[in-house]
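*Asks:* Need a 3D model of the sequence below.
(4 chains)
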Amino acid sequence: MIINHPLLGPRDATEFVYLGDASMIERPNGFGEDVADAMYEYVYLRDNPAGEHRELWYHEQGDRSWLVVTRNTLTHEITEVALARDVARSKGRSK
Amino acid sequence: MADITLIAAPVLGGFNHEFSNCTLAERSDIALISVAVPRDGDTALSTKLDTAWTLTMPTPSTTTQANGMRAIPLTADQFLLAFHPDTNRTEVSVQDDLAEVGYTTVQTDAWVILELSGEGATSALERICPLDLAPDAFPTGSAARTVMEHLGAMIVRVDNTRFWLMSARSSAMSFLHAVETSCRWTAS
Amino acid sequence: MRYNALKILKEGLTGNKGWTPVWREPDPKPEYDIVIVGGGGHGLATAYYLSNKFGITNIAVVEKGWIGSGNVGRNTTLIRANYLLEGNQPFYELSLKLWEGLEQDFNYNAMVSQRGILNLYHSDSQRDAFARRGNAMHLTGSGGELLDEAQIREKCPYLDFDNARFPIKGALWQSRGGTVRHDAVAWGFARGADQKGVDILQNCEVMGFQIENGVCRGVETSRGAIRAKKVAVCVAGSSGRVMSLAGMRLPIESHVLQAFVSEGLKPILPSVITFGAGHFYVSQSDKGGLVFGGDIDGYNTYAQRGNLPVVEDVCEGGMAILPMIGRARLLRMWGGVMDMSMDGSPFIDRTHIDGLYFNGGWCYGGFKATPASGFCYAHLLAKDTPHPVATQLRLDRFQRGAPIDEKGAGPQPNLH
Amino acid sequence: MNQPNRVDGGQIDRATTLKFQFNERWLTAHPGDTLASALLANGVRLVGRSFKYHRPRGIFSAGSEEPNALVQLHKGAALEPNTRATTVEVFDGLYATSQNHRGSLEHDFLAVNDLLSPLLSAGFYYKTFMWPRAFWEKVYEPVIRSAAGLGRLSGKPDPDEYDHGYLHCDVLIIGAGPAGLAAALAAGRAGARVILADEDFRMGGRLNGETYDVGGIAGADWARSAVTELTSMNNVRMMARTTVYGAYDHGIYGALERMTDHRADSGDKPRHVLWRVYSKRAILCAGATERSMAFGNNDRPGVMLAGAVRTYVNRFGVAPGRKVAVFTNNNDGLRTADDLRAKGVDISAVIDARKGEFVVNTTGRKGLKSVQLNTGRKIETDCLAVSGGWSPNVHLSSHHRGRPTWREDIAGFVPGGELPPGMTVVGAAAGTLTLASTLSEAHETATRIAMDLGKSRATGEAPKARDEDFSTAPIWHINEGKNRAWVDLQNDVTTKDVTQSHREGFRSVEHLKRYTTLGMATDQGKTSNMLGLAVMAEASGKTIPETGTTIFRPPYSPVPIGAFAGRARGKNFRPTRLTPSHAWASESGASFVETGAWLRAEWYTRPGEKGWRDSVDREVKATRTAVGICDVTTLGKIDIQGRDAAEFLNKIYANAFLKLPVGKVRYGLMLREDGTVYDDGTTARLSDTHFVMTTTTANAVLVFRNLEFARQCLWPDLDVHLISTTDAWAQFSVAGPKSRALMQKVVDDLDLSNDAFPFMSCAACTVFGGTSARLFRISFSGELAYEIAVPARYGDAMIRAMMAAGEEFNLTPYGTEALGVMRIEKGHVAGNELNGQTDARMIGLDKMVSRKKDFIGAALLDRPEQTREDGLQLVGLRPVDANVNLTAGAHFLSPGDPEDMAHDQGWMTSVAYSPELGHSIGLGFLKRGRDRHGETLRSFSPIRGQDVMVEVCSPHHIDPEGERQRG
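*Replies:* Predicted structure coming up:
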């Protein structure tokens, strides 16, 4: 597969390490009351869609960027690649 | 222990070999300092690079060069400065120069640098480097990190037929073996 | 029809014209006691054991394509019971026992071949982990031996002992492990279930569940609605897709595992070999092909095909321990979609929806589990309590903090 | 040594004669010959045996689709099984043998299977061999296995080298027949970067085997001139002997280039290069494969595809027979007779199935002698050229599982469904079975694709040719007579097997394949799939498209496993990482052990030491009584800088880090989000904004990845930056009561007294008069200890200087074994304990875990099963009998309990012999372990034949209060 890196252009997927669903960005706060249920869903449950899937890839043999790749799990077609840091900020994550 | 002084040794013993259509040599005369750009600190750092060496920040896939200083992109917010150290410019002096504007780390010892040059360089690289090295796709000054024979590597096109190939120091022997084998197998 | 040598002789002498279909092709009935979703190995085994051991015969197996078209038709055929953890090992021992009596039981030769499986180790800590595992195998009566380098040299002289990057220091050996003719497993179970009246409905895709007031009452299919007292899903790689029709999210991702077979060769590998320092395992089929595989590709997918990096990785592993196979040619490569769970272990459980049951999360180890999976699922469906060896294979185990994580890789499916 | 079947013409170099051997017989050939053409030239017809019935087999085709003529090449370690004689280029000294027979090729003992064939029908083995049960592995299976299989492996390491490579292009053109050449000319002229690949050693495809004209000259000559023009273009890469074997995602294709197979000597170059081709677009010009028809005994040597017969006579100057009969259902087949007559070969009959004349049987056990027609006519012939029409080579078009669609007019499947993105199919592969249309279609398609890619230079005109008359009738199976008619020649699948499969309910095409093995042979059914499908359609009374189609999987033709592995074998299977002291250690008697990618010194053998225990015991004693040194460079080191670095670490570690003072080091525990421990190590604070983290050797890469994840994805606005310095520093642990004295001697101007530089201090400093260094006072051994780091380029000098400086203190180098012994003595956990199944409670570090902050792993610490009272806890173990050596992996049982899983109490994780205590010690996890110190248990290890009593104790076997390391 080839991932079109937003900064570097097309790169072979062998340069990347796969993590999984991009929902991993949306980590619930782990401190406080009743966090266990939210964290259980975050850690263990997946939509696992047959079709469009937003997922995290890490450019380990490259510029060390985490990317959010939108890829179809039936055809492997990639329609969007974004820097995960930008996605995280757009989800309101900061410090 | 005034009677003992530590002498630095190149990891590949200064390897240098001429193949029929290319030459492969270890470069142990380059100092490397990584510079991380503080959050919201791009302007201060680029101003400093400019005043110190008239150097501009590298782009994600292109090196910049001025006054014997080369900036090689590493990550989205980090690059390497590569230079020949001498009495006026040392690892320490460069770190001092940047102390207020960037986070620096000495990287000289983290890497091995192989210089591959000659007409046969690209056909040797064809066997280990997944990147498109055609001159219009990877012109002089380009830099990229990738993987070669299971090793993380950085490739810099220094000029049309001259490349720096950088990889981790601890696996320098394996890296040399990979590049050398490519040279040997593609030699005429 | 019973199969035996005499029958073959009689048919052979009369032009092989008397053979009859191995299973019927009935039309769906409006209602069954149990509808099993998924005509793969596990679904067919469940139907077989329900009808042959638990006395429930009013069953339909609904299959989207042709039976055995999932992972039972595309795997590397290994059977073994060499697990570590209490949640797994007794289950796989039951499976191995069922394999051992399977062919006489269902009167079909699935070529269960207990040729032994050799797990190589390359470091002291791997040896220690194998010792722990081997002792767990002994505690469940599965047997096993720890071999040293000299013993392996004698058994497999063609392994690379002298020029290996990761020298072979020893192996865990289970003589009862081996291989099975995978397609025949599906056909044998199908035949055995069909003979008890189970309806096998091919080209019958489930489009939805009939859930009324929190109770599952049947399925909508491409061949019409079918009512059922219980609906039992076991669709492996399609788990996410199918269970989402019931509104469920699972601790499962779908990944592709590639497998490979070489051209036919005269016998050279007597047993199964797995390479602990690379991603490679291999056996030789009775037809002569080297059947081998390695790691999953590592990204979510429902496409039954993989990519080149893993092909190379697997063959590198092969050449690293078996440098004699360099000139053998890879004939076919294919991909199967694996239901990779969060701890690498499966589920056989009820769901929170009454009448809806789930069997999945088999990762790439589902084939060897086929008989025990069928048996335990049948037990659960018939008695509504888990079989004693499947008590830990529950959907709520992560909420309870009791993962069954053989590898210790944590909740990341592509690491298991 | 004459070649009786040579005729005039052909593209061979008659001026040179080559010698080769087949079954130990010397024969001659010419450059340009394949092994098949050379065998035919020499009158050799019997070449091999079929898979199941061991029927005599000859040469059937002239290309990679060959199902029959499989041979073994070379001898010794280079023995290469299952090689198609039709694709082997003859070179001087080539050595080939036939395969799959017991006894000689002519008198194969296993041919008895043929007589038993009524009993060996499809799937017979599923119905028997079940009794008695034990007989399967002992009797039936070995017999079946030895009869099956085809060629042999040598059992020795493959002596050849293989390489990989990467190519990039605008347009990959697959196949250099008329379509491929025309497409390449257009795309190349337009200025696109083109790769033209063809499996044959001579480009031209069917043009080389036919007598068509192109552009007013002979087709083969036009091909040669096209090749010349293309070779002159800098933007075109010509790759003959290159099979594009697979279509992968996003325009990536796999290609195998055979570099040296056609040479007697490889010149120390790799045999094959496996290319990964990155293409923007691909044009599949793979042509079509001719198929046979099913009629009685259609498998004999001498029954050949008509197109192959033309290839042999036109391209190779070989007549495959002296009296050739032609049997065809299409006009193309009729050309065969013309071409043969032109070369002076006798034609004994032309049988056109469309006129109601069929071959129903043949005779000739080891080679065709005659054919019998439905009219009763018997025709003497030694070669029957059969054409059942042509099947487009859709293979690569279906590698993404796109289903081919049926075209009635050509009675064949053409590419359909979802093609691999970027792929276009032209020419015969797309069902365009005539030449002029193929050429213009290829030219126009390539021109259009080049334009799409922004390459718009003029592409000239399409090459001109005549569209030959191609009309065919869908005649597949001559259903007359009782004789077996073969569908799959290699696997011995006959029409009866297909109908039986239907009868038994195996009606889906996939069931048919699996039940009968149709199409599963080394040719992947290239010549048989269509016939099988047609017979199944006939049996079920459906049309062919209703019956189904089969799609193809990679590879297009088989690829050596060695080629996929490339260079990664032997010692080069994976890279090796060496520590800075490696050369010194080698000189100093070190044995090395693989630790991940690293090689580390395991122990250092001194003269007179009889075994590794002697060395390790000595190293441990010397360290505990004087001072030892160990290279610990392999531990991961990460430079962490930024205004928010401390806050970042506080989110990463389970224990507190916010207030670590500058100049101090702290042990840190990292959890996964599920609460499980995954790494530990020490982190030093060099300044307010600068930390150095160490990780375990094994997890260095993983920790870095997770830190980047936390930095970019979880807390993207923290000012924190990471760079690995693992390789940058040569780091040595210096441990033992005399370590302070030694370090004081080595370090310049730094007070190392306990007050000035207490346990868990760190400082930047210089050593040996000015070399910059970092000093940490940390201890894994439990002794007074330091870690000293110098830039890696000084590492070799440093170890030598340290040894010199330490001589007066009896400084002893120690390896990983001694390191392991000392940490087990101290009860420090390592990889055997932190195996991904362990939480902080189990190792007694739950008190260290902060309950006052969010950090990775904070939320899932207290699930019911994790807080069970009978949970596993780390304990120490010692043998009741001090002479016993404990073994890791043993399980704990209470005395008297049954030996089963239900009574399993835990297991032994690590063991060592403690020279200080004088007996074996262990660490282990035991249910409720911390409450059970003093209890006696069985340490049960049946896999090692050990069953001994052990006493549970504290995991801190020595110096439990930690006084030594603080002293």
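*Asks:* who's in contact with residue 8?
*Replies:* Just going to use chain A. Residue A:8 makes contacts with A:59, A:62, A:63, B:60, B:61, B:144, as judged by C-beta atoms under 8 Å, 6 or more residues apart in numbering or on different chains. From N, CA and C alone the C-beta is placed, and that goes for glycine too.
*Asks:* not what I meant, chain C
*Replies:* D:119, D:124, D:127, D:128.
*Asks:* For it, give me phi and psi.
*Replies:* Taking degrees, to the nearest 10, you get phi -60, psi -40 for the backbone angles of residue C:8.
*Asks:* repeat for residue D:336
*Replies:* Dihedral pair for residue D:336: phi -60, psi -50, per degrees, to the nearest 10.
*Asks:* and what of the one 3 residues further on?
*Replies:* Here is the backbone geometry of residue D:339 (degrees, to the nearest 10): phi -60, psi -40.
*Asks:* what sits against it?
*Replies:* By C-beta under 8 Å, 6+ apart, the neighbours of residue D:339 are D:210, D:211, D:310, D:313, D:314.
*Asks:* Of these, which belong to helices?
*Replies:* Mapping those onto helices (DSSP state H) picks out D:310, D:313, D:314.
*Asks:* and those residues, which are buried?
*Replies:* Neighbour-count burial (16 or more other C-beta atoms under 10 Å in any protein chain shown) applied to the ones in helices among the contacts of residue D:339 gives D:310, D:313, D:314.
*Asks:* one step back: so which of the contacts of residue A:8 would count as near chain D as well?
*Replies:* On the criterion C-beta under 8 Å from any C-beta of the partner chain, none of the entries of these sits beside chain D.
*Asks:* Report the two of those separated the most.
*Replies:* A:59 and B:61 (12.5 Å; C-beta to C-beta).
*Asks:* Which one's more surrounded, those two?
*Replies:* Legend: neighbour count by other C-beta atoms under 10 Å in any protein chain shown for residue A:59 and residue B:61, higher for residue A:59 (22 against 17).
*Asks:* circling back to that earlier point, list just the nearest of the buried ones among the ones in helices among the contacts of residue D:339 to chain B.
*Replies:* residue D:314 (35.7 Å; C-beta to the nearest C-beta).
*Asks:* For the closest one, which non-adjacent residue is spatially closest?
*Replies:* Once flanking residues are discounted, residue D:314 sits nearest to residue D:209: 5.3 Å by C-beta to C-beta, 6 or more residues apart in numbering or on different chains.
*Asks:* got a list of what the one you found touches?
*Replies:* D:62, D:307, D:310, D:311, D:314, D:315.
*Asks:* Using the three-state scheme, assign the one residue sitting closest to the centre of chain C.
*Replies:* Nearest to the geometric centre of chain C sits residue C:367, at 1.4 Å (C-alpha atoms, centre = their mean). For residue C:367, the secondary structure call by DSSP: H, G, I helix; E, B strand; the rest coil comes out as helix.
*Asks:* Check what pLDDT it gets.
*Replies:* pLDDT, residue C:367: 97.
*Asks:* Nice, that's everything, thank you.
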